[in-house]
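>>> Predicted model, plus sequence, below.
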Amino acid sequence: MTDLYTVSIDAVEGPTFRGKVHIINPDAASVPSVRTFPLALLVDAWYLLTNGYLGNDGPEVHRGDRCPISKERGKEIVAGMRLKDDLSEVYDLILGKMIRVNSGGYILADDGRTVVEPRRRAKDVYKLGWSSGSDPISSYVFTRSDPEEFTRRAAEIVTSYERGPVLNVPLWSEVAALESDREPWEPGEDREAMLTWHDPVDLEYWRAWRLLRDRPFEEWPYAEITVTVSDAGYLEHLAGGGMRWSTAQTGYA
């Protein structure tokens, strides 16, 4: 999946976290307002830490990942989370649960060798999606995502979600002032009129991203978010703040 946002966790206080969501892709020109979005971000951080995927990129990496704890410590924290099973369940609701199977489609244990008793085919037990594959352990299939249950769980877990306005949006006139030999302006683009427009540009407009790509990440469009959950245990893996990662999550399963 293509990354759409970069998420920064600025502070965690009890059951509330505050942060920023930077828009990094014209395919997602706004920050979602639905409560499923912050829940998806919490699950995303849990998944990255569980698998050791979240670390510290060097300064040369634009919008690079940041994490105030080591990968080993991150794994320890998520393993000890009181509500880690809840986040795992929500992850499966968003992306589908991986089921290990043998060549006949029978469900296997996590070791990828032992057939689970009673012997049953995955297709007879689960509503399967289209995704399947294999790894060094075994073949596997995925269940379907469950948007309805995901939405219900978000309503239970996320008690408050505030999203501020999108800041750092370039003006139409700034975009119009951009010169490009590789992508010259066409007569029908109404550039002269655009130079007089001093409103924020529509972030779906492709030339806005030609301007943004030359700006430091800190100057890219973002919205501040404040999220409160029903139990502070859902935030244990955020390590008090300081994390940053890019995500393809939108809040929709």
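All right, it came through fine.
>>> Could you report the neighbour count for residue 228?
17 (other Cβ atoms under 10 Å). (Glycine included, C-beta is placed from N, CA and C.)
>>> what packs against the helix or strand harbouring it?
Per DSSP states H and E, residue 228 falls inside strand 222-229. The contact analysis (3 or more Cβ pairs under 8 Å, 6 or more residues apart in numbering; DSSP states H and E) places strand 222-229 against strand 16-23, helix 36-50, strand 158-163.
>>> just the helices in the stretch 51-200 of the chain please.
Along the stretch 51-200 of the chain, counting by DSSP state H, counting those that start in this stretch, helices occupy 71-79, 84-95, 122-125, 147-157, 172-176, 191-194.
>>> outside of the strand holding residue 228, which residues touch it?
For strand 222-229, the surrounding residues in contact (Cβ atoms under 8 Å, 6 or more residues apart in numbering) are 15-23, 31, 38, 42, 157-168, 235.
>>> any idea which helix or strand comes after that strand?
Reading on from strand 222-229 to the C-terminus, the next helix or strand found by DSSP H and E is strand 244-247.
>>> Alpha carbons of that following strand, in CSV - could you do that?
What follows is strand 244-247, C-alpha atoms only, in CSV (Å, rounded to 0.1, in the frame of the first residue of the first chain):
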residue,chain,number,x,y,z
ARG,A,244,6.8,9.5,13.8
TRP,A,245,6.0,7.1,11.0
SER,A,246,4.3,7.1,7.6
THR,A,247,1.1,5.1,7.0
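>>> Need the contact partners of it.
Here strand 244-247 has contacts from 3-9, 24, 40-41, 44-45, 48, 54, 63-67, using Cβ under 8 Å, 6+ apart.
>>> Need the buried ones from those residues selected in PyMOL.
Selecting only the buried entries of the contacts of strand 244-247 in PyMOL, with 16 or more other Cβ atoms under 10 Å as the criterion:
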select buried, resi 4+5+6+7+8+9+24+40+41+44+45+48+54+63+64+65+66+67
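>>> Identify the residue nearest residue 121 in space, chain neighbours excluded?
Distance criterion Cβ to Cβ, 6 or more residues apart in numbering; nearest residue to residue 121, sequence neighbours excluded, is residue 105 at 4.4 Å.
>>> And that neighbour, how far from residue 142?
Residue 105 is 13 Å from residue 142, where distance means Cβ to Cβ, to the nearest Å.
>>> in the sheet, who's paired with the nearest residue in space to residue 160 that is not next to it in sequence?
Once flanking residues are discounted, residue 160 sits nearest to residue 228: 4.1 Å by Cβ to Cβ, 6+ apart. Beta-bridge pairing of residue 228 under DSSP bridges involves residue 16, residue 160.
>>> For residue 196, the count of nearby residues, please.
By other Cβ under 10 Å, the residues close to residue 196 number 9.
>>> Check residue 183 too.
For residue 183, the neighbour count with other Cβ under 10 Å is 11.
>>> Kindly report the same for residue 179.
Burial of residue 179 is recorded as 7 neighbouring residues (other Cβ under 10 Å).
>>> same check, this time on residue 112
By other Cβ under 10 Å, 16 other residues sit near residue 112.
>>> That one is in contact with residue 100, isn't it?
Yes: here residue 112 lies in contact with residue 100, judged by Cβ atoms under 8 Å, at a distance of 5.3 Å.
>>> Tell me how the protein divides into domains.
Listed by automatic domain parsing, the domain ranges of the chain are 1-83+156-168+220-253, 170-215.
>>> separation between the residue nearest to residue 160 and residue 93?
With the distance defined as Cβ to Cβ, residue 228 ends up 21 Å from residue 93.
>>> residue contacts, residue 17?
9, 11, 226, 227, 235, 238, 241.
>>> Just the buried ones out of those, please.
9, 226, 227, 235, 238, 241.
>>> Next up, the contacts around the nearest residue to the third one once chain neighbours are set aside.
So that's residue 227. The spatial neighbour of residue 227 that comes closest, neighbours along the chain excluded (Cβ to Cβ, 6+ apart), is residue 38 at 4.3 Å. With Cβ under 8 Å, 6+ apart as the criterion, the residues that contact residue 38 are 158, 161, 225, 227, 251.
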